[in-house]
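Trainee: Need coordinates for the below:
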Amino acid sequence: MMRGLQVVIYVGPEKDYSPKSLLCHYSPVFCDWLEVKMEDGDEPKKTLPDDNVDDFEVLVEYMLNGNVADIFSVKEAGENAVERCVAFLLYAKKFDLGDMTDIVHDPFKAALSKFCESAFKPEHIGVVFGTTPPGNSLRRLVTQAAISTSVVGVDRHKTYRYLEREAIVEGFAFESLQAIRGWSKFIEFLGMTSEPATERRELGVPRY
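Mentor: This is a model prediction of the structure:
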């Protein structure tokens with residue numbers, strides 16, 4: 001796949017050479033672009049003037065190695081880890097690479113856990129819901145983060161901006177409802193387990 005015709009991709013001000021077969025294997029968008037018949041002597045090329053060079057390099061790295069999770073890790077990206085994950089989701093969708101949940105889920109979760117509100121922005125909710133199917137684990141992850149932030153935050157304007165996305169992000173309101181219902185059942189369960197051990201056993205609750 002690395003051999004054969006090399007194509008020229010102009011990304012912003014940069015010029016990159018990439019194997020045509022590699023780009024076409026992963027991306028039907030690139031395939032449509034690059035299958036256009038060239039005039040004799042012309043090299044296959046594509047210009048992406050508004051694209052970010054870093055985003056394109058990560059995309060090609062994924063195509064080459066099948067995994068770029070290390071690039072998005074807290075260790076590597078720091079507080080920008082969430083932003084890098086979100087950017088990759090958008091860029092992968094642009095080129096129709098398919099579901100990237102397995103690539104970004106763990107670093108996304110680790111970054112949310114470490115940086116929470118300082119790294120998580122309301123617009124990230126729209127990106128995740130716009131690039132993943134219903135029931136996706138990334139949707140549950142950002143929904144839980146939004147609710148957690150709204151519950152424990154002290155700045156009402158800053159925290160409730162997450163839940164305001166329910167009105168503009170399709171599917172977010174339903175996911176929020178499901179999460180809240182799940183938490184309500186868990187809290188109810190905790191209340192049950194606060195009873196004496198004999199009563200817990202009568203209720204069928206496991207003893208800890």
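
Trainee: all contacts plus neighbour counts: C-alpha atoms, from now on.
Mentor: OK.

Trainee: Give me the buried stretch members for stretch 110-123, please.
Mentor: Within stretch 110-123, the residues scored as buried using 16 or more other C-alpha atoms under 10 Å are 110-112, 115-117, 119-122.

Trainee: Likewise for stretch 98-114?
Mentor: So, applying 16+ other C-alpha under 10 Å, buried residues of stretch 98-114: 100-101, 103-105, 107-112.

Trainee: what's next to that stretch, contact-wise?
Mentor: 67-70, 72-74, 78-79, 81-82, 85, 89, 92, 119-120, 131-132, 136-138, 141, 145 (C-alpha atoms under 8 Å, 6 or more residues apart in numbering).

Trainee: now, which of the buried residues of stretch 110-123 sits nearest residue 17?
Mentor: Nearest to residue 17 among these, counting by C-alpha to C-alpha, is residue 111 at 32.7 Å.

Trainee: Heading C-terminal from the helix or strand harbouring residue 114, find the next helix or strand.
Mentor: Residue 114 is part of helix 101-115, with elements assigned from DSSP states H and E. Once helix 101-115 ends, the next helix or strand along the chain (criterion: DSSP H and E) is helix 122-131.

Trainee: elements contacting that next one?
Mentor: Secondary-structure packing of helix 122-131 (3 or more C-alpha pairs under 8 Å, 6 or more residues apart in numbering; DSSP states H and E): helix 81-94, helix 137-152.

Trainee: contacts for that helix?
Mentor: Contacts of helix 122-131 (C-alpha under 8 Å, 6+ apart): 86, 89-90, 93, 99, 138-139, 142-143, 161-162, 165, 169-172.

Trainee: Show the buried residues in those.
Mentor: Counted by 16+ other C-alpha under 10 Å, these give 86, 89-90, 93, 138-139, 142-143, 161-162, 165, 169, 171-172 as buried.

Trainee: got CSV for those, with pLDDT too?
Mentor: What follows is the buried ones among the contacts of helix 122-131, written out as CSV (pLDDT from 0 to 100):
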residue, pLDDT
86, 95
89, 96
90, 96
93, 96
138, 95
139, 95
142, 92
143, 90
161, 67
162, 70
165, 83
169, 91
171, 92
172, 92
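
Trainee: re earlier: and the helix holding residue 114, how far out from the chain's middle?
Mentor: 8 Å (C-alpha atoms, centre = their mean, to the nearest Å).

Trainee: circling back to that earlier point, and which of the contacts of helix 122-131 is nearest residue 61?
Mentor: Nearest member of the contacts of helix 122-131 to residue 61, counting by C-alpha to C-alpha, is residue 89, at 14.4 Å.

Trainee: In contact with that closest one, which residues?
Mentor: 100, 127-128, 131.

Trainee: Could you rerun that using 10 Å?
Mentor: 83, 97-101, 103-104, 127-128, 130-132 (C-alpha atoms under 10 Å, 6 or more residues apart in numbering).

Trainee: what's the answer for residue 167, then?
Mentor: When contacts are counted by C-alpha under 10 Å, 6+ apart, residue 167 touches residue 173.

Trainee: gap between it and residue 80?
Mentor: Per C-alpha to C-alpha, to the nearest Å, residue 167 is found 27 Å from residue 80.

Trainee: Cheers, nothing more for now.
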